[in-house]
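Colleague: have a look; sequence and predicted model below, questions after that.
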Amino acid sequence: MKKFLVSSLGLLLCLLAAAQQQPAISIIPKPASVQELPGSFRIQKQTLLLYKDAASKKVADLLNTFLQSNNGITLSPHQAKTMAGSGAITVVTDSHMPEEGYSLWVTDKMIQLRGNGAGLFYGLQTLQQLIRGEGDQLTVPAVKITDAPRFAYRGLMLDCGRYFFPASYVKQFIDLMAHYKFNRFHWHLTEDQGWRIEIKRYPRLQEIASTRKETVVGHAGRSNTYDGKPHGGYYTQDEVRDIVQYAADRHITVVPEIEMPGHSEAALAAYPNLGCTGGPYEVATKWGVHKEVYCAGNDSVYTFLENVLTEVMDLFPGKYIHIGGDECPKDRWKACPKCQARMKALGLKDEHALQSYFIQRMEKFLNSKGRSIIGWDEILEGGLAPNATVMSWRGEAGGIAAAQQQHDVIMTPNTYLYLDYYQGNPASEPLNIGGFLPLQTVYNYEPLPPSLTQAEQKYIKGVQGNIWTEYMPSPQMVDYMTWPRALAVAEITWSGADKKHYADFLERLPAQLAYLDKKGVPFRIPEPAGLENDVTTESHTAVSLQPLVQDAAIYYTTDGSEPTESSQRYNGNIRLALRKEPVVLKCIVVTPSGRKSAVYSATYQRRDYQAAANASPANKGARFSAYHRAFKQAKQISGMADSSGVMPYFNIRPFLPKDKFSVAYEGYFKADADDIYEFSLKCDDGAVLYVDGELALDNDGEHAPLEKTAILPLRKGFHQVKLLYFNAGGGAELGVTVRTKTGNVNLRNALFN
């Protein structure tokens, strides 16, 4: 049988799953060096728990707490006079190891954990991940591990400005971060839609700015309906101090974010004199970018922010204060006499330079207090503040520019690390902001751009995943969107690039998701490995599935009905008979705790090979016709073009200066052999692809980046292709890839006209 699975990894995992075993060493993030040894160590009530000093005692106590809460075993910690003997767990501080590094040595007779500073704590997290069994039947596989992190900054950002989450949940979030060796919690505390931190000098921030009267229902870009329910809340300074200390006990530094000069409408509602127009303002009820910003020409704004930051610095002892700096429209500044007078007095050429002045003035204040600023990559506009660290979120361009200017950079590009994007088919996912960022895309991110020199790459200090919460009104929704993708982020930040392999990560993932399931974390249950759209030229196909949660069950249907726990349970290969009509396999995954996934599906088809066209084009590239306007649908693109020519591949870069445009490409795709070809089409906004006159991919309509695939059996030779694309304004993206079971096809060599 000749067939092609959309994901070759799915096939690999199905082969691995044949043994129905999880790997003994299922650690995330993957350590630098792991040597598996024969045997295992058994933890019993009489096991000795030894420590050498105060730091190692603290870790020994944490291990005891873990064993008590998870397994009901209590050990008796004792200070060790010597380096331990048989039957003991020994925890030792070792300042000769790399910073944050540790080693873990397990034999059938002893466990020895050594670490430098936070390294002891991270070694403990690794040990906890290795413990198997229940009650007094606990074992740890024999292993020798040496480990240290790749990046110094390993972060997650939680947006509490859009929705307020209780302090108890913030602590739970920090607990999970610590277990997977994150060390920076970026706490987004102020927004247009709410001010979330108590500032004693300005009580109206608590009284007015912390609560909005209602919230938009549905997607903000397409809705004018509101729920009519007030939403609010803020953290008292006592709560903040408690959370900061709680995080510090787990070797996590909290980085607070106080947004400026944009995303400040909530503060303006409380103190309207801080805006350019004087108001009236209200705490925003709809998501998006708002024109009401702090007045850059008003000295009282800087006094206000300096007073706010003085209280913030008293609460957060870390080096960094995040001052935002992103998405600040200049509309009000352009019309504001005070802002224009400030620009004239300082000789500033435009409003971007005025924003740079604003940021640099706040940086100077924070530097005078011994602190440093972090800002989103917009702080590059108009000139970068002298000592600023840049968070590169609009792709990698800002980070690359900052590193080339010898500024520290945290890589957090939205294309890989925005965990508010859809992680599956939107039809089976809760409403979200848009975009598409599945687990594999997150995992495959490499933070060191090859365009930087080795010296410049040293300015990339770390990586951060961001959880923006416009469409996450509850802690449960935050957890659903964060995990398991944050596990991929953890491995990006900790593990060396040479240690990262997605198939290996998926082997280790089920044990970690089983742990999260046991802890009651409502993570997104992934699709089973092996559930992939499939086209074959044969009359039968076999489907092998593997749940990505250890000990989970799969239930499926093939008759079009929705699967339930009463449906057929998967116990081995599913053999599908394929005739004229496609077969849709639907399934759900049920975890050991009883949580059920959404319904996932894949389509299986039998198709004959498409005959090649009777054509022999000699010239490489595709013909294009470009239009300086957007059609409502890609399928409608036609008529007199504004320009035309030939391109070596499907490239929209030449048209990007136009805010709205459409383009039609026509040519031939050369199939080098009789084979099954997977075509992928990713676009923002809409596009359609025709092959041999038939609609192969329909990704039409106005939407955020979305990818669709089609699988076509093609005979060797030339096949006519037609690609229609339009951009209705805003983000523009078009990507077409083709691959076979042997690898990707280079379109520059495969397109002819």
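Modeller: Right, received. Where do you want to start?
Colleague: same question for stretch 131-147, mean pLDDT?
Modeller: Mean per-residue pLDDT for stretch 131-147: 91.
Colleague: stretch 55-75 now?
Modeller: Stretch 55-75 shows a mean pLDDT of 89.
Colleague: residues of that stretch that come out buried?
Modeller: For stretch 55-75, burial by neighbour count (16 or more other CB atoms under 10 Å) applies to 55-57, 59-60, 62-64, 66-67, 71, 73, 75. No exception for glycine: its C-beta is placed from N, CA and C like everyone else's.
Colleague: how about these, which pair is most distant?
Modeller: Farthest apart among the buried residues of stretch 55-75 by CB to CB are 55 and 71. That separation is 24.4 Å.
Colleague: what's residue 727 in contact with, if anything?
Modeller: 630, 652, 655, 659, 660, 661, 662, 684, 685 (CB atoms under 8 Å, 6 or more residues apart in numbering).
Colleague: out of the residues you listed, which are buried?
Modeller: Here, 16+ other CB under 10 Å leaves 630, 652, 655, 660, 661, 662, 684, 685 buried among the contacts of residue 727.
Colleague: quick one: residue 478 is in a strand?
Modeller: No: according to DSSP: H, G, I helix; E, B strand; the rest coil, residue 478 belongs to no strand; its state is helix.
Colleague: that one against residue 471, yeah?
Modeller: No: counting by CB atoms under 8 Å, residue 478 does not reach residue 471; the two are 10.4 Å apart.
Colleague: any buried residues in the helix or strand where residue 665 lies, and which?
Modeller: Residue 665 belongs to strand 661-671 when elements are defined using DSSP states H and E. Across strand 661-671, burial judged by 16+ other CB under 10 Å covers 661, 662, 663, 664, 665, 667, 668, 669, 670, 671.
Colleague: over to stretch 671-679?
Modeller: 671, 675, 676, 677, 678, 679.
Colleague: picking that back up, out of the buried residues of strand 661-671, which comes closest to residue 196?
Modeller: Set against residue 196, the nearest of the buried residues of strand 661-671 by CB to CB is residue 661 (41.1 Å).
Colleague: that closest one bridge partners, please.
Modeller: Counting by DSSP bridges, residue 661 is bridged to residue 727.
Colleague: which residues touch it?
Modeller: By CB under 8 Å, 6+ apart, the residues touching residue 661 are 626, 627, 628, 629, 630, 652, 655, 726, 727.
Colleague: host element of the first one?
Modeller: Secondary structure from DSSP H and E places residue 626 in strand 622-627.
Colleague: just the C-alpha atoms of that strand, please, in CSV.
Modeller: In CSV, the C-alpha atoms belonging to strand 622-627 read as follows (Å, rounded to 0.1, in the frame of the first residue of the first chain):
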residue,chain,number,x,y,z
ALA,A,622,4.9,31.5,-11.7
ARG,A,623,3.1,34.3,-13.5
PHE,A,624,1.4,36.8,-11.2
SER,A,625,-1.3,39.5,-11.6
ALA,A,626,-1.4,42.0,-8.8
TYR,A,627,-4.3,44.3,-7.8
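Colleague: list the buried ones in the helix or strand that it is followed by?
Modeller: Counting by DSSP H and E, the next helix or strand C-terminal to strand 622-627 is strand 643-647. By neighbour count with 16+ other CB under 10 Å, strand 643-647 contains the buried residues residue 647.
Colleague: tell me the angle strand 643-647 makes with strand 661-671.
Modeller: 30 degrees (axes from the mean of the first three to the mean of the last three CA atoms, to 10 degrees).
Colleague: related to what we said a few turns ago, tell me which of residue 478 and residue 471 has more neighbours.
Modeller: Between residue 478 and residue 471, counted using other CB atoms under 10 Å, residue 478 has the larger neighbour count: 23 against 19.
Colleague: what distance do you get for the closest residue to that one other than its chain neighbours to residue 215?
Modeller: Excluding the flanking residues, the one nearest residue 478 by CB to CB, 6 or more residues apart in numbering is residue 472, at 4.9 Å. Distance, residue 472 to residue 215, using CB to CB, to the nearest Å: 12 Å.
Colleague: settle it for me: which of these two has more neighbours?
Modeller: Ranked by neighbour count (other CB under 10 Å), residue 472 and residue 215 place residue 472 first, with 26 against 21.
Colleague: which ones are touching the more buried one?
Modeller: So residue 472 contacts 162, 163, 420, 478, 481 (CB under 8 Å, 6+ apart).
Colleague: I'd say the second one and residue 232 touch.
Modeller: Spelled out, it's residue 163. No: counting by CB under 8 Å, residue 163 stays clear of residue 232, with 10.0 Å between them.
Colleague: name the residues contacting each of those two.
Modeller: residue 194.
Colleague: looking at those two, which is more packed in?
Modeller: residue 163 (22 against 18).
Colleague: what ranges do the strands span in the stretch 601-750 of the chain?
Modeller: Secondary structure of the stretch 601-750 of the chain (DSSP state E, counting those that start in this stretch): strands located at 622-627, 643-647, 661-671, 675-684, 687-691, 694-699, 706-714, 717-727, 733-740, 743-745.
Colleague: before we move on, what about the stretch 51-200 of the chain?
Modeller: Assigned by DSSP E, counting those that start in this stretch, the stretch 51-200 of the chain shows strands spanning 76-79, 88-93, 102-106, 110-115, 138-147, 153-159, 184-188, 190-191, 194-195.
Colleague: may I have the longest one as CSV, with CA atoms only?
Modeller: Meaning strand 138-147. Presented in CSV, the C-alpha positions along strand 138-147 are these (Å, rounded to 0.1, in the frame of the first residue of the first chain):
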residue,chain,number,x,y,z
LEU,A,138,8.2,4.2,45.6
THR,A,139,11.1,3.7,43.3
VAL,A,140,13.6,5.9,41.4
PRO,A,141,15.3,4.5,38.3
ALA,A,142,19.1,4.4,38.6
VAL,A,143,20.6,7.2,36.6
LYS,A,144,23.4,9.7,36.5
ILE,A,145,22.4,13.2,35.5
THR,A,146,24.5,16.4,35.1
ASP,A,147,22.6,19.5,34.2
